[in-house]
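> Provide a 3D model corresponding to the input given below.
(chains A and B)
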Amino acid sequence: MSFTSIIQSSAIKSLSELYQQEFSTKDFQVNETKPEFKGDYTIVLFALVKTLKKSPEVLGNELGGLFLKNYPELFSSYNVIKGFLNLEIADKPLATLLLEHYEDEKFGRKKSDNFSSGKKVEKVMVEYASPNTNKPLHLGHLRNIFLGWSVAEILKANGDEVIKTSIVNDRGIHICKSMIAWQLFANGATPDSVHEKGDHFVGDYYVKFNEEYKKEVNELMQSGSTKEQAEKEAPIMKKTQKMLLDWEQENPEVRELWKTMNSWVYKGFDETYKRIGADFDHTFYESNTYLLGKDFVREGLQKNVLFKKEDNSVWIDLSAENLDEKLVLRGDGTSVYITQDIGLAIQKFEEYHLDKSIYVIGDEQLYHMKVLKEIIRKLGMSFADNMFHLSYGMVELTTGKMKSREGTVVDADDIINEMVATAEKHTKELGKVNDFSADELRELYEILGLGAMKFYLLRVDPKKRMIFNPEESIDFHGFTGPFVQYTYARIQSILRKVGSEELSANSHQSSSISHLLPLERQLILFLEKYAAAVSDAGDEMNPSVVANYVFNLAKLYNSFYAEHSVANAENDEKKNLRLRLSVMTANIIKSGLHLLGIKVPDRM
RNA sequence: GGCCCCGUAGCUCAGUGGAUAGAGCAACAGCCUUCUAAGCUGUGGGUCGCACGUUCGAGUCGUGCCGGGGUCACCA
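Have a look, this model is predicted:
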């Protein structure tokens, strides 16, 4: 149980006895005490002043006295300033907390059994990444992937059963564009023959298509066509549309080429996924799901949830929900984007018996996801309320927006390479790991470069759009992944020097700790806050909470490190205490960074 | 234009309705015979977009405006 809840329940008990009146946790708002005042936790008394009709000073002193009288071992002092009662936790319970939990790598995590915490195990699906197969991943995908993976891990850490999935958009006109361009310009080249990563290879032909298309449109316009005509009549576009029809009619040649080119892309994606540590329990392919929703459209028509227009197209009227009318099926009976989303959403819940389904998708699709949820609700599916759109803002560059047409897209593989190269440069400059083998160095650069990248993209509240500053992102100082990793590596260095045998050999000693220095107190109190921080992150599914927390912990430890020696502590008792403090900090940094998908090096 | 999101230090970002609003970067001044200086300490820097309201108390809640973005496709 956290100190906050102990204080609350103690206060309720004490005051209930005194005033013969019911109180709840809401009456006792507990905050951390501001550094300029003495104390660790603060009770805000204003709410009570009203109900009890006493001055804050009188009330504060009364309550403070009760705390000291009833829990002398827990609190050492109190003071009342204006409407605030500041309580100081005694050193002993802090030392005890450290002694009991310093080796607990899962400290603060909710337990997933119903008895101890009341937390029910939920089955949750997290869909993320969800790329197209006509071009490589870019910076926006990285924000999506890091977010999705991290949210899944945070939910797991909070005791949920999580299924990570991805829906691959592997069909449609844009895929055909790459295919046509390859047929026209590749001369049979393959990723292997030109030594290029498959997703980039295919992406290049997508670009070639657009160049050729533009050229043809210009030519047609010069010979007198309007822009609209030209865009329709361009031969390469006509070929592409024909190919899409062939694909839908399962023309074997087209299907074969499609399979081949997609397999190139998947190979490229897998390489990137593996490198950044993304993984999926199941992958959905749009080519398998794009017909799914039609049955439900029929059902919706029967239930009068949907309606037909004269041209046979099917619509839903969501004007009452402020969402307007929305097309659900084309007049010719073919699916649109949302048709298959309806089908897949239902399939997910029915096949996997989910409690929750989370979609990690950019905020440009907020409207779409709202409509989807509303349609599911109107179809009478009770799980509509258990669909969550975890939306995130666009990643912008300091130079402006990323636009594929203007070639200002930041390629995922490029930026990862750049981060890893920067890690290499810094590491070499510092020259602290010259004894590492080539393999060990390579691994270290990956850990640091990816750590910097992930931390940079996850530390910002997902819903806000963020600005990617290439210069700042490759600076490994300050509020960065490498800073936190560095703190961890330093602690490992202490443990190597002092030796962990010493720790276990003297484990009985620290129970006699009677006095803590301010920074020692502060660190223990901060570690104690871990429970709340990570639980909140779980409820809010927000990795930025974890990132900010872990950074603050590292910062506090670094201050501690600079002021107090562990190995050369004043006495054995102190040495033991500080060793435990260090071990616990390292454990929590490690588990916190793990939730962000960031690994931790023993040396750097 | 309708709906949604954002607006906090020069820049990038934190900030469960509580006390004198915090970090990092950048700037300036210090600290490496001592557990890793990718670090630590200090200084300067703010009309929390504006206004009104709710409240004992508002960066935080409400309304209106201003500024930025997204979306309102028989694209996905």
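
> Any stretches of chain A with poor pLDDT?
A:1, A:110-119, A:404-407, A:500-513 (pLDDT under 70).

> Quick check: the residue of it nearest RNA strand B.
Nearest to RNA strand B, among the residues of chain A, is A:Gly478, at 2.2 Å (CB to the nearest atom of the strand). Bear in mind the C-beta positions are built from the backbone N, C-alpha and C, glycine included.

> And what about A:Ser514, helix, strand or coil?
Under DSSP: H, G, I helix; E, B strand; the rest coil, A:Ser514 falls in the coil class.

> Contact partners for the nearest residue to it once chain neighbours are set aside?
Distances taken as CB to CB, 6 or more residues apart in numbering place A:Asp91 nearest to A:Ser514, at 6.4 Å, with adjacent residues excluded. Neighbouring residues of A:Asp91 by CB atoms under 8 Å, 6 or more residues apart in numbering: A:Ser76, A:Ile513, A:Ser514, A:His515, A:Leu516, A:Arg521.

> go with 10 Å
A:Asp91 is in contact with A:Ser76, A:Ile513, A:Ser514, A:His515, A:Leu516, A:Leu517, A:Glu520, A:Arg521, A:Ile524, counting by CB atoms under 10 Å, 6 or more residues apart in numbering.

> Rebuild those residues as a markdown table, extending it with distance to RNA strand B and neighbour count.
Below are the contacts of A:Asp91 laid out as a markdown table (distance: CB to the nearest atom of the strand, whole Å; neighbours: other CB atoms under 10 Å):
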| residue | distance to RNA strand B | neighbour count |
| --- | --- | --- |
| A:Ser76 | 16 | 16 |
| A:Ile513 | 18 | 20 |
| A:Ser514 | 22 | 9 |
| A:His515 | 19 | 12 |
| A:Leu516 | 16 | 21 |
| A:Leu517 | 13 | 16 |
| A:Glu520 | 12 | 21 |
| A:Arg521 | 15 | 17 |
| A:Ile524 | 17 | 25 |
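
> Looking at those residues, spot the one nearest A:Val360.
Nearest to A:Val360 among these: A:Ile524, at 35.8 Å, using CB to CB.

> does that closest one belong to a helix or a strand, and which?
helix A:518-528 (DSSP states H and E).

> Make sure I have this right: A:Ser565 is in a helix.
No. Assignment of A:Ser565 by three-state DSSP gives coil, placing it outside any helix.

> That one and A:Leu579 touch, don't they?
No. In this structure A:Ser565 lies outside contact range of A:Leu579 using CB atoms under 10 Å: 11.4 Å.

> who's more crowded, those two?
Taking other CB atoms under 10 Å, A:Ser565 and A:Leu579 do not tie; A:Leu579 has more neighbours (24 against 13).

> Give the helix, strand or coil label for that one.
Taken by three-state DSSP, the conformation at A:Leu579 corresponds to helix.

> Strands of the stretch 401-550 of chain A, start to end?
In the stretch 401-550 of chain A, the segments counted as strands under DSSP state E, counting those that start in this stretch are A:466-468.

> and if you look at the stretch 101-250 of chain A?
Under the criterion DSSP E, counting those that start in this stretch, the stretch 101-250 of chain A contains strands at A:123-127, A:161-168.

> just those strands: most buried one?
Counting by mean count of other CB atoms under 10 Å, strand A:123-127 has the highest mean neighbour count of these, with a mean of 23.

> and that one, how far out from the chain's middle?
Offset of strand A:123-127 from its chain centre (CA atoms, centre = their mean, to the nearest Å): 13 Å.

> Which of the strands of the stretch 101-250 of chain A sits closest to A:Ile358?
Nearest of those to A:Ile358, taken as CB to CB: strand A:123-127 at 4.8 Å.

> Partner strands of the closest one, with direction?
Paired strands of strand A:123-127, with direction, are strand A:161-168 (parallel), strand A:356-362 (parallel) (DSSP bridges).

> Whichever helix or strand comes after the last one packs against which elements?
Beyond strand A:356-362 in the direction of the C-terminus, DSSP H and E gives the next helix or strand as helix A:366-378. Where contact means 3 or more CB pairs under 10 Å, 6 or more residues apart in numbering; DSSP states H and E, helix A:366-378 is packed against helix A:294-302, strand A:314-318, strand A:324-329, helix A:337-352, strand A:356-362, strand A:387-392.

> Look up phi and psi at A:Tyr78.
Main-chain dihedrals, A:Tyr78, degrees, to the nearest 10: phi -150, psi 160.

> In TSV, list the strands paired with strand A:123-127 along with distance to RNA strand B.
Shown next, in TSV, are the strands paired with strand A:123-127 (distance: least, CB to the nearest atom of the strand, whole Å):
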stretch	distance to RNA strand B
strand A:161-168	9
strand A:356-362	8
